[in-house]
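Trainee: Okay, here's the prediction I keep looking at, along with the sequence it came from:
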Amino acid sequence: MQHLPLLSLFGNLEQLNTVQLNFNQNSLNMMNIAIAFIMFGVALGIRPKHFRDIALNPKPAIVGVISQYILLPALTYLLVLVIKPSVPVAMGMILVASCPGGNVSNMISALSKSNVALSVSLTATTTVLSLFMTPLNFAYWGGLYASKSPLLVPITIDPVEMFRTVFIILGIPVIMGMIVGMKFPVFVKKVEKHVQIASVLFFIAFLAGALAGNFSLFLKYIHLVFLIVLLHNGIAFLGGYLFPRALKINKLNSRTISIETGIQNSGLGLALIFNPRVFPPELELGGMAFIAAWWGIWHIVAGLMLAFYWRRESIKHIAVTS
């Protein structure tokens, strides 16, 4: 008896190739503003001693980087071997897995009562490492899957532009939030929760606007990638939790590493996909773009659900150090 190919579970993914998503520079700017606001609210409760604790106990941070840049791309490669999607969709999955952790992970870590200082440190570290790890992982794992694909182009990331972007949306808000938190502790204690709630609502409003701009396309094609992204993202969260637990990292830090691994900077992936200097515009990139775009929405939904689940679980017995 001949088995049906797993691809039949997802329909004809080739039809995604010519889809054009409506993401412009204004949308990306609004996303950066929303993330900066979130980072400011998260940083209100961070103190320098949190980072000193990480420096004195670097194991969770090292495991987190390994989970991000070695474990997740390898798991992604195994997943595409199993489900055998179209080459553009597979390359989109590999590109997302090659990106650094997303800045929204810091908000998710705060909501889940995980180690926010570790989260911020991992986001900053993986973002800096993305200057060479993102191109390296995309070339290596993409080459293993489709060595002759025209989509396997060399990715070049401008280090100056990357640093400028990261410093604006991550560095400045975190520094300002920490300064305000230390200078006005009484005031911050009263408004911190309200600021964090407002930042989450602002980001949700941005997501709703981005979805509205592409609503007809999502309705038409979402059935093709929903299960793929669900599996991919689920493996990222699960692997990101079980891997550090296997290495004797405590539950609190393992939660943080799970969130960092499951929340990807798919915005960087979209920026690379829509950059004609990286991917020539004549290539059919709809499959790649749709995977990155839906990842950017779904990982927030999944991350929030996971955060509120963990938030309800008692963590009084969990030590902050491994």
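Mentor: Perfect, I can see it now. Numbering: from 1, shown residues only.
Trainee: Quick check, residue 119 in contact with residue 255.
Mentor: No - applying Cβ atoms under 8 Å as the test, residue 119 and residue 255 come out as separate, 9.6 Å apart. Using the backbone N, CA and C atoms, a C-beta is placed for each residue, glycine as well.
Trainee: Now list whatever residues contact both of those two.
Mentor: Common neighbours of residue 119 and residue 255 (criterion: Cβ atoms under 8 Å, 6 or more residues apart in numbering): residue 109.
Trainee: separation between residue 74 and residue 94?
Mentor: Remark: distance between residue 74 and residue 94 (Cβ to Cβ, to the nearest Å) = 11 Å.
Trainee: Tell me which of those two has more neighbours.
Mentor: Taking other Cβ atoms under 10 Å, residue 74 and residue 94 do not tie; residue 94 has more neighbours (29 against 14).
Trainee: still on that earlier bit, need the residues touching each of residue 74 and residue 94.
Mentor: Counting by Cβ under 8 Å, 6+ apart, the residues touching both residue 74 and residue 94 are residue 141.
Trainee: Could you report the neighbour count for residue 205?
Mentor: Neighbours around residue 205, by other Cβ under 10 Å: 12.
Trainee: hmm, I was thinking of residue 55
Mentor: So residue 55, with other Cβ under 10 Å, has 9 neighbours.
Trainee: Where does the prediction get shaky in the stretch 151-300 of the chain?
Mentor: 151-166, 169-170, 196, 200, 203, 207, 209-221, 281-284 (pLDDT under 70).
Trainee: Could you rerun that using 80?
Mentor: Counting by pLDDT under 80, the stretch 151-300 of the chain has low-confidence residues at 151-171, 174, 192-193, 195-225, 266-268, 270-287.
Trainee: Tell me where it has strands.
Mentor: For the stretch 151-300 of the chain, strands defined by DSSP state E, counting those that start in this stretch do not occur.
Trainee: List the buried residues of the longest helix seen in the chain.
Mentor: Across the chain, the longest stretch assigned as helix under DSSP state H is helix 215-246. Residues of helix 215-246 classed as buried: 217-218, 221, 224-225, 228-229, 232-233, 235-237, 239-241, 243-245 (neighbour count, 16 or more other Cβ atoms under 10 Å).
Trainee: Give me the distance between residue 253 and residue 120.
Mentor: The separation that residue 253 has from residue 120, given Cβ to Cβ, amounts to 13 Å.
Trainee: I figured residue 94 was touching residue 77, is that so?
Mentor: Yes - counting by Cβ under 8 Å, residue 94 does reach residue 77; the two are 7.0 Å apart.
Trainee: any shared contact partners between those two?
Mentor: Contacts common to residue 94 and residue 77, judged by Cβ under 8 Å, 6+ apart, are 141, 145.
Trainee: and the gap between residue 235 and residue 74?
Mentor: Taken as Cβ to Cβ, the span from residue 235 to residue 74 is 11 Å.
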